[in-house]
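Visitor: Fold the following.
(2 chains)
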Amino acid sequence: MKDNQAAAYWSANIRIIVICLAIWALVSFGFAIWLRPMLAALPITIGGTDLGFWFAQQGSILSFIGLIFYYTWYMNRLDRRFGVDEE
Amino acid sequence: MDQFTLNLIVVGASFALYVGIAIWARAGNTSDYYAASRGVNPIVNGAATAADWMSAASFISMAGLIAFVGYGNSSFLMGWTGGYVLLALLLAPYLRKFGRFTVPEFIGDRFYSNTARIVAVICLLVISITYVIGQMTGAGVAFSRFLEVENTTGLLIASTVVFVYAVLGGMKGITYTQLAQYCVLITAYTIPAVFISLQLTNNPVPALGLFSTHAESGLPLLTKLDQVLMELGFQDYTGSHGSTMNMFLFTMSLMIGTAGLPHVIIRFFTVPKVSDARKSAGWALVFIALLYLTAPAVGSMARLNIITTIFPNGTTEEPIAYEASPDWMTNWEQTGLLAFEDKNNDGLIQYYNDRSEEFAPIAEARGWEGNEMVTFNRDILVLANPEIAQLPGWVLALIAAGGLAAALSTAAGLLLAISSAISHDLLKSVFMPKISDKQELMYARISMAFAIALATYLGLNPPGFAAQVVALAFGLAAATLFPALMMGIFSKSMNMQGAVAGMLAGLIATLLYIFTYLGWFFIPETNMLPNTAEHWVAGISPLSFGSIGAVINFVTAFVVMKMTQAPPAEIQELVESIRVPRGAAGAIDH
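Guide: Down below sits the predicted model:
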């Protein structure tokens, strides 16, 4: 792989990592902790409580699973596009 | 058949299974022993990682840990799962591509220095040994509780079983026993959970039941739980009570710490490909979530169930008489996990929060003279569930096997991390580089036997700080190994001096902060400041310090790197090569 190709592959990887980690932080530190009062102000309740509580006990975990599988799928595609996938 | 015989049969059968697997999966060379020859299916590795990760504490105590505090302890749920996102995105695929056997090996090779390697070995040993003590004591407690043997005997049986499969099979044996242990522990955890969820909410899925309607009252389950808790002076389950800042820092420390734990990281060395390492982290989290989504449901339902058992006519009415209490309560009183003391001599069980000042006048008006459930161990929420739900005896026996599976699987993973750091990083890489593969395999087995002996000794004579070790292990993993690994992958210019200085700064800062508040080496009365919020620096709890330690590590490393020489060209090429997946298969026989 040429140097500029390698750099392009790596920066595409960094970009998707940053996006995924932003969502990772949003659902856990955001929705479940810092932003809970804002979510509680929404007219949505789930099982008698607010959305922030749901994110703290379930939503964040489900989002984490989704994030890892999305990243895996995205990277497999990226690996093939740059010809660095495994045989 | 009595309960004891049933427990013996179920636990005995599970142990026979583990030993059988060990004989089938013997290790023939060091690649088998350290990394199961990198032939483990990513889904199988996911299940093995889940068992490796979920300890006796996750199995027995987590539901209670969350149920007795509520929303505030969601940190454990998010922290212990969110770390897998960091692992999958930042570490696992690259460390797999690097294609070696241990965590200190990556640090030593990437930072071209035996000093870095030895610092990493020290961090690994401190983290893993503190962690394994809890697993050994956990196994001893589980044995003595279910099989009516002495704690010591229980611990020795557990060590012997681990000895057989860990010494024979190494990573290969451990992987397949962990797969079996995962199946045992998740079945044991799920069955009583489904029944209690059906009983309270008519919903067979506990995680959905938590957010559905309480069948008896018609209210949402969580509303009902909050209501009865507050009527007894406890804080509500769903409310925010502690400091938001500490909840954030604590969650972050657990996440970073999880991603930096060596016994978890080495599991990702066993899969065939880089893409499998990513996928496997996803599956690990799926298998972990099956328990972690159930735990808060089990905890809160069991707590509600116990309160409504004590207050059959509602919490505003009188509780039941001690004489009329159900059999499971008297059974568990014998174990000392529950204790009743009739403080106002009326024969009724007044269970409430006698530490709440707001509730004190209400209690006084009702003629209550203190909480009469003087002991209410939180583990009861998991352990007593089968009896509370009136399930047959084999379910309780399964819980026994599940608790032991959880303790043994984590202990085995930790012991492998400890022994491979000794045989591979200290002996092979530093002190005896000329030994052959066969000799190294022998040394690996000797190190394992030594590690088991050490863990057994520490399990029998636990240094009286069992409760704090988790904070120490996670804090140190976050402050030392995680930043070093991440910088080794993401910064081509990070050099030996920076990495070593960073790890040492993170290690020392975290130890100092924890010891300042919890005592030097956790010896009581040696703390320099009281462990209360007003004495913490900037209000940061010592339990939450790991993320600060990680920041100290990163900053120190970058400052030192700027003042010292850039790493050699071949190291920069090495970093280039671990960043692309192609060629991972070639690294198998290094």
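Visitor: Using the three-state scheme, assign B:Asp236.
Guide: Going by DSSP: H, G, I helix; E, B strand; the rest coil, the secondary structure assigned to B:Asp236 is coil.
Visitor: what sits against the nearest residue to it once chain neighbours are set aside?
Guide: Setting aside the residues directly before and after it, B:Asp236 is nearest to B:Asp226 in space (CB to CB, 6 or more residues apart in numbering or on different chains), at 4.0 Å. The C-beta positions use only the backbone N, C-alpha and C, and glycine is treated the same way. Contacts for B:Asp226 (CB atoms under 8 Å, 6 or more residues apart in numbering or on different chains) come out as B:236-239.
Visitor: Mind doing that once more with 10 Å?
Guide: Counting by CB atoms under 10 Å, 6 or more residues apart in numbering or on different chains, B:Asp226 touches A:48-49, B:70, B:219-220, B:234-239, B:300, B:304.
Visitor: do the same with B:Arg96
Guide: Counting by CB under 10 Å, 6+ apart, B:Arg96 makes contact with B:35, B:38, B:265, B:268-278, B:280, B:578, B:581, B:584, B:587.
Visitor: How about B:Leu261?
Guide: Contacts were defined as CB under 10 Å, 6+ apart; by that measure B:Leu261 touches B:52-53, B:83, B:87, B:103, B:124, B:127-128, B:131, B:413-414, B:417, B:473-474, B:476-478, B:481-482.
Visitor: Mind checking which of these are in helices?
Guide: In helices, defined here by DSSP state H, the members of the contacts of B:Leu261 are B:52-53, B:83, B:103, B:124, B:127-128, B:131, B:413-414, B:417, B:473-474, B:476, B:482.
Visitor: what residues does the lowest-mean-pLDDT helix or strand in chain A touch?
Guide: Least confident helix or strand of chain A, by mean pLDDT, DSSP states H and E, is strand A:45-46 with a mean of 87. For strand A:45-46, the external contacting residues (CB under 10 Å, 6+ apart) are A:51-55, A:58-59, B:211-212, B:220, B:222-223.
Visitor: Most neighbours among these, which one?
Guide: Sorting the contacts of strand A:45-46 by how many neighbours each has (other CB atoms under 10 Å in any protein chain shown) puts A:Phe53 first, at 28 neighbours.
Visitor: Look up how far B:Tyr165 lies from B:Ser159.
Guide: 12 Å (CB to CB, to the nearest Å).
Visitor: Please enumerate the shared neighbours of the two.
Guide: Common neighbours of B:Ser159 and B:Tyr165, using CB under 10 Å, 6+ apart, are B:Leu408.
Visitor: Quickly find the element holding the residue nearest to A:Ile68 when sequence neighbours are not counted.
Guide: Nearest residue to A:Ile68 in three dimensions, chain neighbours excluded: B:Gly282, at 3.9 Å (CB to CB, 6+ apart). With secondary structure defined by DSSP states H and E, B:Gly282 is part of helix B:274-292.
Visitor: For that helix, name the packing helices and strands.
Guide: Helix B:274-292 sits against helix A:60-81, helix B:42-53, helix B:62-67, helix B:74-86, helix B:92-98, helix B:151-201, helix B:206-209, with contacts defined as 3 or more CB pairs under 10 Å, 6 or more residues apart in numbering or on different chains; DSSP states H and E.
Visitor: if we can go back for a sec, which ones, among the contacts of B:Leu261, also lie beside chain A?
Guide: B:83, B:87 (CB under 10 Å from any CB of the partner chain).
Visitor: Selection in ChimeraX covering whichever of the contacts of B:Leu261 are buried, please.
Guide: Written as a ChimeraX command, the selection of buried residues from the contacts of B:Leu261, which uses 16 or more other CB atoms under 10 Å in any protein chain shown, is:
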select /B:52,53,83,87,103,124,127,128,131,413,414,417,473,474,476,477,478,481,482
